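> sharing a model prediction with you, sequence too.
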Amino acid sequence: MRIRLPFAEEPVTCVALTEEAVICATSTDCLMGSTGNLPVPSGDSPDGMERRSKSTSARRYLSDRSRSAGLVTRRDGQVARATHFGAGRCPACRLVNVLFVAAVLLAGCAAPKSYVAERNRSKFVAFKDFSKFTMTSGSAPGEIVLTSPEIKPPINWNELIASWNVPAGVYLKVEACGVFPNHTTKYYTMSLWSDDPAKHPRESVDRQRDADGTVQTDTLVLKRHGAKAQVRITMGGPGEVSPAMLKYLGLSFCDSQAQTVPLEPNRAAWGKTIPVPQRRQGEYEGGGGWCSPTSLSMVLAYWSEKLHRPELNHTVPETAAGINDANMDGTGNWPFNTAYAGEYPGMRAYVTRLSDVSELEDWIAAGVPPIISVSSYLLRGSETGPDNGHLIVCVGFTETGDVVVNDPGVSVKRNMPARKVYARDRVIKYWGKSKDTVYLVYPEGAAVPKDRFGHWDHGK
């Protein structure tokens, strides 16, 4: 029999236990020794940010009426009698019963090895070889169209972010569709990219909503989960265009309803700070919304110094001009930022989603400073006013595990330094608003940390 435990991300196989006993033993109410008044999870909020409590995962099989009657409803809809261990007894008795139930579960359940390690919310798929893509001619002279085979992500996804690296002078149209067993969506336009908007557009495309989904600036959001994906890239540029000009394509898939659980911290990063130069967006005219290009310019300046490559070091206004999205008239388009960095020979840059702050620690321990997308409430210190989102650079961790950042949004009037320390729990909360989105920018030959959960490029 397969059941889902409150702390598990996938069902486990239980033997030598009746279904009634297992259901009762894994019920939060049973373990607490009462019928309980814990809130039943209501699903995601409209903005997709609300998390459901892991501790209530087993209780989704129980109805309020059956709990109060001492009954449990099995997944097949049948009702079985269940004993509420310890109900109405003294705390010591309840403790004994809880320990007994735990012992029974440990003896009778075979938990997959991926219990703690497997992260099911997001997965990253990278392409560097496009020989399996179908190539056809585009509508304009010299253009080619590369269409991927159907891609089956290993999660029940409904959100997709595509990022790419091409040389300067190459322009792209990036499209994606969802392929379900009984229906294929239209191709949604994810991005129109060019490093010279005077010649070819650099903009997101709005008004694409239909019965299947929509594109929110740079993120495809489907209404159904679990499709296969197909990507189509129209590419042009000076001279003869070939698939080799597409250096890199990264696809970050996300199940917006999946939950994550905290991981053990990587203390190898504690007490380590990467010397990323500090810059503040408020120092520049019109820079009020330039948190993303300011963060990107800091990271590129760091690599410029480390690699002795002065061409990577650009001013904040230059960086902002190179990534501005004409449609949104702003610089917060995630893949445009990484496309700008990825134009440089030997640089890898892409957008992906992680699931825990310990993965930031992995990158810091490897000497790579990630750019993270957080709620603007993190900087403000209060949840008042609109949340427009904010980009900051994670540059290290304190000796106690708090997060050291270069925050470009600090006050210039008060002459605040960009270097700040944010409490670990606050970063976890406000980074979670973007489903833990990051820009990863580093040299192609860099030693990347071990990818424990399929969240980034392996560097191979």
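Okay, I see it.
> point out where the stretch 1-150 of the chain drops to low pLDDT.
1-119 (pLDDT under 70).
> switch the cut-off to 90
Low-confidence segments of the stretch 1-150 of the chain (pLDDT under 90): 1-120.
> where do the helices of the stretch 201-350 of the chain begin and end?
With DSSP state H, counting those that start in this stretch applied, the stretch 201-350 of the chain shows helices at 291-307, 316-323, 334-342, listed in chain order.
> can I get the last one in PDB, CA atoms only?
Pointing back at helix 334-342 there. C-alpha atoms of helix 334-342 as PDB (Å, rounded to 0.1, in the frame of the first residue of the first chain):
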ATOM      1  CA  TRP A 334      14.800  38.000 -15.900                       C
ATOM      2  CA  PRO A 335      16.100  36.300 -19.100                       C
ATOM      3  CA  PHE A 336      17.100  39.600 -20.700                       C
ATOM      4  CA  ASN A 337      19.500  40.100 -17.800                       C
ATOM      5  CA  THR A 338      21.200  36.800 -18.200                       C
ATOM      6  CA  ALA A 339      21.200  37.100 -22.000                       C
ATOM      7  CA  TYR A 340      23.200  40.300 -21.700                       C
ATOM      8  CA  ALA A 341      25.800  38.600 -19.500                       C
ATOM      9  CA  GLY A 342      25.800  35.500 -21.700                       C
END
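> can you lay out the helices of the stretch 201-350 of the chain as TSV showing distance to G178?
Backbone N, C-alpha and C define where each C-beta goes, glycine included. Shown next, in TSV, are these (distance: least, C-beta to C-beta, whole Å):
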stretch	distance to G178
helix 291-307	28
helix 316-323	28
helix 334-342	19
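> and of those helices, who's closest to V404?
Shortest distance between V404 and the helices of the stretch 201-350 of the chain, using C-beta to C-beta, is found for helix 291-307: 13.3 Å.
> what does T437 show for phi and psi?
phi -80, psi 140 (degrees, to the nearest 10).
> follow-up on the earlier one: most packed of the helices of the stretch 201-350 of the chain?
Among the helices of the stretch 201-350 of the chain, helix 334-342 has the highest mean neighbour count (mean count of other C-beta atoms under 10 Å), at a mean of 27.
> picking that back up, relative to R207, which of the helices of the stretch 201-350 of the chain is closest?
Nearest to R207, of the helices of the stretch 201-350 of the chain and by C-beta to C-beta, is helix 334-342 at 19.2 Å.
> name whatever forms a beta bridge with the spatially most central residue of the chain.
The C-alpha lying nearest the average C-alpha coordinate of the chain belongs to R353 (C-alpha atoms, centre = their mean; 2.2 Å). Residues in a beta bridge with R353, per DSSP bridges, are T437.
> touching, it and S256? I think so.
No. With contact defined as C-beta atoms under 8 Å, R353 does not count as touching S256 (10.2 Å).
> re the thing from before, tell me the contacts of the residue nearest to the centre of the chain?
Shown in contact with R353 (C-beta atoms under 8 Å, 6 or more residues apart in numbering): R121, S122, F124, I161, S252, C254, S434, K435, D436, T437, V438, H455.
> as JSON lines, those with distance to A140 and neighbour count would be great.
Shown next, in JSON lines, are the contacts of R353 (distance: C-beta to C-beta, whole Å; neighbours: other C-beta atoms under 10 Å):
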{"residue": "R121", "distance to A140": "39", "neighbour count": "24"}
{"residue": "S122", "distance to A140": "35", "neighbour count": "27"}
{"residue": "F124", "distance to A140": "31", "neighbour count": "25"}
{"residue": "I161", "distance to A140": "26", "neighbour count": "27"}
{"residue": "S252", "distance to A140": "29", "neighbour count": "29"}
{"residue": "C254", "distance to A140": "33", "neighbour count": "26"}
{"residue": "S434", "distance to A140": "35", "neighbour count": "19"}
{"residue": "K435", "distance to A140": "36", "neighbour count": "23"}
{"residue": "D436", "distance to A140": "38", "neighbour count": "24"}
{"residue": "T437", "distance to A140": "33", "neighbour count": "24"}
{"residue": "V438", "distance to A140": "35", "neighbour count": "26"}
{"residue": "H455", "distance to A140": "36", "neighbour count": "22"}
